[in-house]
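Undergrad: Structure, please.
(2 chains)
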Amino acid sequence: MSETIEAGPMRAADGTPLKKSLARALRRQKLRALALIAPLLIFILVTFIAPIADMLFRSVENQIVSDTLPRTVVALKDWDAASDEAPGEPVFAALAVDFQIATELKNHTKLGSRLNYEDPGISSLFRKSGRSADDIGKSFMDRFVGIDAAWKKPETWAALFGDDVWLADATAWADAKDKDAREPAFKLRDGVGDALPATAETYRTFARAVQAEGRKGLVETKPWPVLFTALSQDLTSATPEALAALTDVDTALLQQAATAVAGTEPFAYRDAFLAIDKGWGDVDAWRTIRAYSPRYTPGYFLNAIDLEKGADGISARPDDQKIYIKLFIRTMWMSMLITFSCLLLGYPVAWLLANLRSSTANLLMILVLLPFWTSLLVRTSAWKVLLQQQGVINDILVWLGLVDDGNRLIMINNQFGTITAMTHILLPFMILPLYSVMKTIPPSYLRAAKSLGATNWTAFWRVYFPQSVPGIGAGSILVFILSIGYYITPEIVGGTQGVFISNRIAYHISTSLNWGLAAALGAILLAVVLLLYYVYDKIVGIDNVKLG
Amino acid sequence: MTDARTGSDAAFVEFDHVQKSYDGENLVVKDLNLSISRGEFLTMLGPSGSGKTTCLMMLAGFETATHGDIRLGGRPINNIPPHKRGIGMVFQNYALFPHMTVAENLAFPLEVRKIGKSDRDAKVKRALDMVQMGAFGGRRPAQLSGGQQQRIALARALVFEPELVLMDEPLGALDKQLREHMQFEITRLAHNLGITTVYVTHDQTEALTMSDNIAVFDDGRIQQLAPPAKLYEEPQNSFVAQFIGENNTLLGTVREIKGEIAVVQLDDGELIDCKPVNVSKPGERTRVSIRPERVEFNKSRLQAGAHTLNAEVLEFIYMGDIFRTRLRVAGNDDFVVKTRNAPDQVRLTPGQQIEIGWLPQDCRALDA
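TA: Next comes the predicted model:
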């Protein structure tokens, strides 16, 4: 025996550890396999996984409030939402800056629509206020221009907030009048952000908006009125030392303005807003803004299960607004009915397919597959023709005298219509898995059972049926999951009583544009399907599902 | 022929002029007459498409006879559905129900017969012990080997104590060694329990080793019904001679029939002595059949005056227990001789010229 007994890992002939050697040998194979599936993997990632992830994110995402009204959101933290009084002056001061910026950027209507989902009517407050939000800024502007006319000039602002190097470049650019070149990107002056934080931030937003538009340079564009509001607020709170720390700028101008601002009475922001719209005094509107100020919100999900988040926690919606739970239950219930009727109709057909002579079975299979060759829309519309009150079926029933002409059956625009049409459309998805499983059950099992003394029924029920369960499982899961998310057929034949949750999702996606709610509804639907799948796995076992 | 209606032991199962057609144009089974006595082990042997499985299925009740009667214990069963016939059956692929355990499989026929639980358990246990599978009651069929599944299928067919058991090529899927073992087991069980068995196979060795009687099927008819030894040694026609065992055939014309001896002139002119079986008068064409192990080339062992033939050795194959020699005889290149590997046995070499002969009773003149 020449073999030496070595301690440690097995080694290949050349002495490398066997594991390493094997891994190297397999790596090429793995890489090739990966390369083969890569196109599909990328396709699925881009068109399937990413949209789903995005949708799930949208269902909780709520950055629009804190992005649009950042200062207001911070100021609102000190407000007691349980009190019956609207927030105080500091909140309105913050709002004055936020809202004017939002108006300049035309974001206020978007925010209005977003908050309108939670508090219907609030969007008109935002829209109306947008038109006259400038008034506040303009009154400040008048005041500053009264102090020194230089405040009206864009150059004054650019010199105050712009970096020296940038300022030189921007001036040169403005003088050159070169249409093709863009103005150099704005750079904030060092230190000015500490001394005048709100104004610096506002000016930066102003600079970004102006430069994004790109028609005129910063040094040529009239400052937004909101800048004066912000500057006034900054100067009120700024210490003389902080202002003195600013070098290289026209400190005298600032000092003069600061003195003048300190000398005047504080501006009444609250009154100004109330003058624009009485709605700003409404506590509920403020509660809504506060409740939806976090960057992430459970609001869409609460909404999707007929709850709402008020000032005093989560509560049920009024009865007349409860629609989603009912719709979810209806979707589940009708999908189950559809699955069951598909099973009832499909099982005998699958059995025939699996047990007939192959030539006959082929013909039957073509008939089963025939619906696949017709457009879904055509099939659904055909049902409309058949089922409507002046339709084919009613006409025949009336002609046969089974139904009175005055009492024609209502078979469409209700649940009956949806169930009938969807059973027809989804039937092949039940028949095919059933068929492929039944095909694998040898006829000798039934014979064996009969030879052992079982009647036809016992042989079927005790021997054949249990073996066809995997097919039933596969078919049912397929039909149920397809029908739970079905959209076109319920839309066309369902009326108001026969629509599914997916129709509501489609409505929010394309009509009400409340994508967050649509995403929440979709996420719940996905969760329910996964839950049912889990339950199915626990009860029947997913190993018991076969597609052939 | 025994009258089956008297219910005598001589005819427990009887096929009476049974015909079967699937398409209304061709008969798969043509005028089948067969009686099987109680306790008999009968094998239906034949090539595929010969009608043997159809006969079995008609007996089990899965196919209906187009014409004729099938009687079981004297009672016509044509109109009795399979589950009321009380016939045990073992299928080709065992047909053990995959979703039930072995014990549940065995309990199934007892359950549908509404036998009480304790009684049922006792019978299942006895049946499992009978096939030496007592420890496997809790397993699923898929967890058993082919041979074990075979035993379970057998136990299931026997557990409800049927008087008649049908087996449709039950050993076809087993390897050779296991098959031989199971052949023995099945015959032992059948004889011990005294049940009547109808066994279908296309494997002649299986048929020869297991059966009391063998019915050789071809072309929808029974070609010969006889015990194994008689079937092998005294085939009634050339189909049986050729189908059972290895066989050498020579074509010729009958020249003369003298009692138990027929003189046949082979096509190349040589004369041989045969036993007339299917020939009646001189001038008839005949196919002469000789078993390879009955061919003799040691002249001293032949009868005096026996006809001999010249042969050339073409091939010598050493097969361990026997030698197989291929010869050219009367223009036939596939004439095989088998000799036992005995110490004094001659080993022929290819190219050698020899003389061969045989006893007239071993050489049967059959239909051409």
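
Undergrad: going forward, measure contacts and count neighbours with C-alpha atoms only.
TA: Fine.

Undergrad: Quick one: name the residues of the stretch 251-368 of chain B near chain A.
TA: Residues of the stretch 251-368 of chain B found near chain A (Cα under 8 Å from any Cα of the partner chain): none.

Undergrad: For chain A, what's its nearest residue on the stretch 251-368 of chain B.
TA: Nearest residue of the stretch 251-368 of chain B to chain A (Cα to the nearest Cα) works out as residue B:320 at 35.3 Å.

Undergrad: hang on, that residue is in a helix, isn't it?
TA: No - counting by DSSP: H, G, I helix; E, B strand; the rest coil, one finds residue B:320 to be coil, located in no helix.

Undergrad: Quick one: residues contacting it.
TA: residue B:341 (Cα atoms under 8 Å, 6 or more residues apart in numbering or on different chains).

Undergrad: The one 10 residues further on now?
TA: Residue B:330 makes contacts with B:250, B:266, B:267, B:268, B:270, B:309, B:310, B:311, as judged by Cα under 8 Å, 6+ apart.

Undergrad: To which secondary structure element type does the nearest residue to the first one once chain neighbours are set aside belong?
TA: Going back to what we said before, that points to residue B:250. Distances taken as Cα to Cα, 6 or more residues apart in numbering or on different chains place residue B:288 nearest to residue B:250, at 5.1 Å, with adjacent residues excluded. Assigned by three-state DSSP, the conformation of residue B:288 is strand.

Undergrad: continuing past the worst-scoring helix or strand of chain A on mean pLDDT, what's the next helix or strand?
TA: Lowest on mean pLDDT, DSSP states H and E among the helices and strands of chain A sits helix A:240-245, with a mean of 74. Using DSSP states H and E, the helix or strand that directly follows helix A:240-245 along the chain is helix A:251-263.

Undergrad: picking that back up, count the neighbours of the residue nearest to residue B:250 for me.
TA: Here the number of neighbours of residue B:288 (other Cα atoms under 10 Å in any protein chain shown) works out to 28.

Undergrad: what are the bridge partners for it, then?
TA: residue B:250, residue B:365 (DSSP bridges).

Undergrad: contact partners of stretch B:198-217?
TA: The contact list for stretch B:198-217, computed with Cα under 8 Å, 6+ apart, reads B:40-48, B:50-53, B:56, B:164-169, B:180, B:183-184, B:187, B:222-229, B:231, B:240, B:243-245.

Undergrad: First-to-last residue distance for stretch B:134-154?
TA: 14 Å (Cα to Cα, to the nearest Å).

Undergrad: the helices in the stretch 51-200 of chain B, which residues?
TA: B:52-60, B:102-112, B:117-130, B:146-158, B:176-193 (DSSP state H, counting those that start in this stretch).

Undergrad: closest to residue A:295 out of those helices?
TA: Nearest to residue A:295 among those is helix B:102-112 (61.5 Å), distances taken as Cα to Cα.

Undergrad: So which residues make contact with that closest one?
TA: Outside helix B:102-112, the residues that reach it (Cα under 8 Å, 6+ apart) are A:449, A:452-454, B:96-97, B:120-121, B:124, B:136-141, B:152, B:155-156, B:159-160.

Undergrad: quick one on the thing from earlier: run the chain-centre distance for the least confident helix or strand of chain A.
TA: Taking Cα atoms, centre = their mean, to the nearest Å, one finds helix A:240-245 lying 48 Å from the centre of the chain it belongs to.

Undergrad: Next: stretch A:229-244.
TA: 42 Å.

Undergrad: Please save the CA atoms from that stretch in PDB.
TA: What follows is stretch A:229-244, C-alpha atoms only, in PDB (Å, rounded to 0.1, in the frame of the first residue of the first chain):
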ATOM      1  CA  THR A 229     -39.000  87.800   3.900                       C
ATOM      2  CA  ALA A 230     -36.200  85.400   4.700                       C
ATOM      3  CA  LEU A 231     -33.700  88.300   5.100                       C
ATOM      4  CA  SER A 232     -36.000  90.100   7.400                       C
ATOM      5  CA  GLN A 233     -36.300  87.000   9.600                       C
ATOM      6  CA  ASP A 234     -32.600  86.400   9.500                       C
ATOM      7  CA  LEU A 235     -31.800  90.000  10.400                       C
ATOM      8  CA  THR A 236     -34.200  90.000  13.300                       C
ATOM      9  CA  SER A 237     -32.500  87.000  14.900                       C
ATOM     10  CA  ALA A 238     -29.000  87.600  13.800                       C
ATOM     11  CA  THR A 239     -26.500  89.000  16.400                       C
ATOM     12  CA  PRO A 240     -24.400  92.000  15.400                       C
ATOM     13  CA  GLU A 241     -21.300  89.900  15.900                       C
ATOM     14  CA  ALA A 242     -22.400  87.400  13.400                       C
ATOM     15  CA  LEU A 243     -23.000  90.100  10.800                       C
ATOM     16  CA  ALA A 244     -19.700  91.600  11.700                       C
END
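
Undergrad: For the closest residue to residue B:303 other than its chain neighbours, what are phi and psi?
TA: Of all residues not flanking residue B:303 in the chain, residue B:359 sits nearest, at 7.0 Å (Cα to Cα, 6+ apart). When read as degrees, to the nearest 10, the backbone of residue B:359 gives phi -80, psi 140.

Undergrad: got a list of what residue B:359 touches?
TA: B:294, B:302, B:303, B:306.

Undergrad: Quick check: it vs residue B:296, distance?
TA: Taking Cα to Cα as the measure, residue B:359 falls 9 Å from residue B:296.

Undergrad: quick one: common contacting residues for those two?
TA: residue B:302.
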